[in-house]
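> here is my input; please provide its structure:
(one chain, ligands or ions: 1)
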Amino acid sequence: MIELVDITKEFSSSKNEPILGVDNVSLTVNRGEIFGIVGYSGAGKSTLLRCMNILERPTTGVVKVDGVDLLQLSSKQLREARQSIGMIFQGFHLVASKTVFENVAFALKAAGVKKEEIKTRVEELLEIVGLKDRIYQYPAQLSGGQKQRVSIARALANNPSVLLCDEATSALDPSTTKSILALLKRINKEFGLTIVIITHEMEVVKDICHRCAVMQDGRIVEQGNTYDIFSNPSDPLTKKFIDTVLSFDLPSRLLQTTTGKLLQLHFWGEIAAEGVVSDMLQSHKVKGNILHGKVEYIQDVPLGIFIMDLNGAEEEVNQAIEYLRERVSKVEVLQHEQSD
Ligand SMILES: Nc1ncnc2c1ncn2[C@@H]1O[C@H](COP(=O)(O)OP(=O)(O)OP(=O)(O)O)[C@@H](O)[C@H]1O
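Sure thing, here's the model as predicted:
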């Protein structure tokens, strides 16, 4: 659906060296998927996203959307091609002096839709985003979440096949973020819309992205299926992002009272964690104490992490760890036996 090949974007600077916004990135976004690009500020996410509809013209590389090589198009052809690529922004970009109706109608007028069809279509779009009762209000009368809904309606006006989201939820509070993400998920499902979303929040990726890429210094350091990235990240930066969702700080008081081996047990998919742990305790002369645990659902598949303090003779403890290694997805020994 979207194919980026060897994209590099250099910005000229007052110094001799140009600034490298995107450095040789190749990426494919499949039709109908939600693809997340995550990274810290300055990683190159916005620049890469803007290369997808040529708001930013790459210095080198190929950008194909729906098989069309966008860099080979004339300005007029590019304007037409952009009608199938909607975009929403962190700052909403609504016209303050126009009503909700006029903001959405603008995109239809620009595309040459007949006047008599515009009202029906605007109403239809506002119905989709749940804002039909606000049709004649002005942006200043709306909350941030409602403004983003208007900008989504405007982006969907011309039935695009792709929606690019530039930090679409970064200005919103957590519960409004959830509702906007739910709306994007519904649009993706109902209309088969391909969505690319850039964010610095791994929680956003966890909630709605089928696949994702992690960016640093203009490059993609890791990409893949969201569940695989969450369960088995390989790049240190990816691990750091995953930690924002999955890690938990054990109180130091609790750590001081542990006397055995501290294990982190990972359960990927439908493994019955409690059963495995109780079987291990019954079949080995060890004592185990679960200190913490959480289960996150990523793409509706559970990912469980438990912290356990395991006590007993060294030989028995090692055998118990081997037993666990054969039955759970991953076992990490966090800390060796402590002496009091
Ligand atoms: N128009 C520009 N002129 C010069 N440098 C730019 C321009 N746009 C981006 N850059 C530089 O390119 C790099 C990538 O910026 P970009 O905005 O794409 O990162 P980002 O990951 O989207 O960050 P943020 O989350 O803060 O928006 C940065 O070093 C930035 O300073």
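
> hang on, isn't residue 254 packed against residue 289?
No. If you go by CB atoms under 8 Å, residue 254 and residue 289 don't touch, sitting 10.0 Å apart. Every C-beta, even on glycine, is put in place using the N, C-alpha and C of the backbone.

> report the buried residues of the lengthiest helix in the chain.
Looking across the chain with DSSP state H, the single longest helix is helix 174-191. Buried residues in helix 174-191, counting neighbours by 16 or more other CB atoms under 10 Å, are found at 176, 177, 178, 180, 181, 183, 184, 187, 188.

> report the two of the residues you listed separated the most.
The span of the buried residues of helix 174-191, defined through CB to CB, is set by 176 and 188 at 18.7 Å.

> where does the stretch 151-300 of the chain dip in pLDDT?
Residues of the stretch 151-300 of the chain that meet the criterion pLDDT under 70 lie in 273.

> near the ligand, which residues of it show up?
The stretch 151-300 of the chain has residues residue 200 near the ligand, with proximity defined as CB under 6 Å from any ligand atom.

> give me phi/psi at residue 307?
For residue 307, the backbone dihedrals are phi -110, psi 130 (criterion: degrees, to the nearest 10).

> my guess is it meets residue 293, correct?
Yes. Counting by CB under 8 Å, residue 307 does reach residue 293; the two are 6.9 Å apart.

> and the contacts of the next helix or strand after the longest helix of the chain?
Downstream of helix 174-191, the next assigned helix or strand under DSSP states H and E is strand 194-199. Defining contact as CB atoms under 8 Å, 6 or more residues apart in numbering, one finds that strand 194-199 is touched by 1-2, 29-39, 45-46, 48-49, 52, 161-170, 184, 187-188, 204-205, 208-209.

> for stretch 106-120, same thing?
Here stretch 106-120 makes contact (CB under 8 Å, 6+ apart) with 83, 95, 98, 101, 105, 121, 122, 154, 155, 157, 158.

> report the distance from it to the chain centre.
Centroid displacement of stretch 106-120 relative to its chain, using CA atoms, centre = their mean, to the nearest Å, is 33 Å.

> ends of it, what's the gap?
Using CA to CA, to the nearest Å, one end of stretch 106-120 lies 14 Å from the other.

> so which residues of this structure form strands?
For the chain, strands defined by DSSP state E occupy the ranges 2-11, 19-29, 34-38, 60-65, 68-69, 85-89, 162-166, 194-199, 211-216, 219-225, 261-268, 287-298, 301-311, 330-335.

> mean neighbour count added to the ones you listed, as JSON lines?
Shown next, in JSON lines, are the strands of the chain (neighbours: other CB atoms under 10 Å):
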{"stretch": "strand 2-11", "mean neighbour count": "18"}
{"stretch": "strand 19-29", "mean neighbour count": "19"}
{"stretch": "strand 34-38", "mean neighbour count": "25"}
{"stretch": "strand 60-65", "mean neighbour count": "17"}
{"stretch": "strand 68-69", "mean neighbour count": "13"}
{"stretch": "strand 85-89", "mean neighbour count": "23"}
{"stretch": "strand 162-166", "mean neighbour count": "23"}
{"stretch": "strand 194-199", "mean neighbour count": "25"}
{"stretch": "strand 211-216", "mean neighbour count": "24"}
{"stretch": "strand 219-225", "mean neighbour count": "18"}
{"stretch": "strand 261-268", "mean neighbour count": "21"}
{"stretch": "strand 287-298", "mean neighbour count": "15"}
{"stretch": "strand 301-311", "mean neighbour count": "20"}
{"stretch": "strand 330-335", "mean neighbour count": "14"}
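
> appreciated, that's everything.
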